[in-house]
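Trainee: Following is a predicted model, sequence given first.
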Amino acid sequence: MGLLSDLTIQDLRAATLPQIKTAVTDKINAMTKKQLITLILKVAGDDIENFEIEENRVVYDALGNKIRSWSVDYIYYPTGEIDLIILKKFDALDVLVGEKKIKHYLDGKQPHFLV
C-alpha cells in the first residue's frame, strides 16, 4: 500500500484489514504529539472544547520507598495548541505540596505563570 494520504476509496476497499491497520499505524507513529491531538480533535468534532493529557512521575529511593511524585497536566485549545500546563508536586504520602500553572496564548503573547 502507498502512503495513507495518497489512498483513494477504491484502494481502501481493495486493501485487506491488516494492510489498512499497518498504513494507519505507520502514519500515527510518524505524528508528533500535537499532530496526534489535532487528529483526535478533528475526529471528535465539536464534542470536545478542550483536550487534556496527564503525565505522572514517581521517585523512589534505593530501597523502593516512594519519596515524591509529580504530575503534569496539559490542556489544549480545540486547535491542538497548548492552553495551560499544570505542574503538581506531591510528597511520599501523595499530599499536594505545590502547584504551578503556566498559561499559553494563541495571539503570540509570551506564556506566564498564573497565581
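Mentor: Yep, that arrived.

Trainee: which residues are in contact with stretch 103-115?
Mentor: Here stretch 103-115 makes contact (Cβ atoms under 8 Å, 6 or more residues apart in numbering) with 77, 79, 81, 82, 83, 84, 85, 100, 101, 102. Backbone N, C-alpha and C define where each C-beta goes, glycine included.

Trainee: what about that stretch, start to end distance?
Mentor: End-to-end distance for stretch 103-115: 10 Å, by Cα to Cα, to the nearest Å.

Trainee: quick one: buried residues of that stretch?
Mentor: residue 104 (16 or more other Cβ atoms under 10 Å).

Trainee: quick check: mean pLDDT across that stretch?
Mentor: The average pLDDT within stretch 103-115 is 88.

Trainee: ok, now stretch 25-43?
Mentor: For stretch 25-43, the per-residue pLDDT averages 79.

Trainee: Can you name the residues bridging to residue 89?
Mentor: residue 70, residue 98 (DSSP bridges).

Trainee: That one contacts residue 68, doesn't it?
Mentor: Yes: counting by Cβ atoms under 8 Å, residue 89 touches residue 68, with 6.8 Å between them.

Trainee: picking that back up, pull the most distant pair out of the contacts of stretch 103-115.
Mentor: By the measure Cβ to Cβ, 79 and 100 form the most distant pair in the contacts of stretch 103-115, at 23.9 Å.
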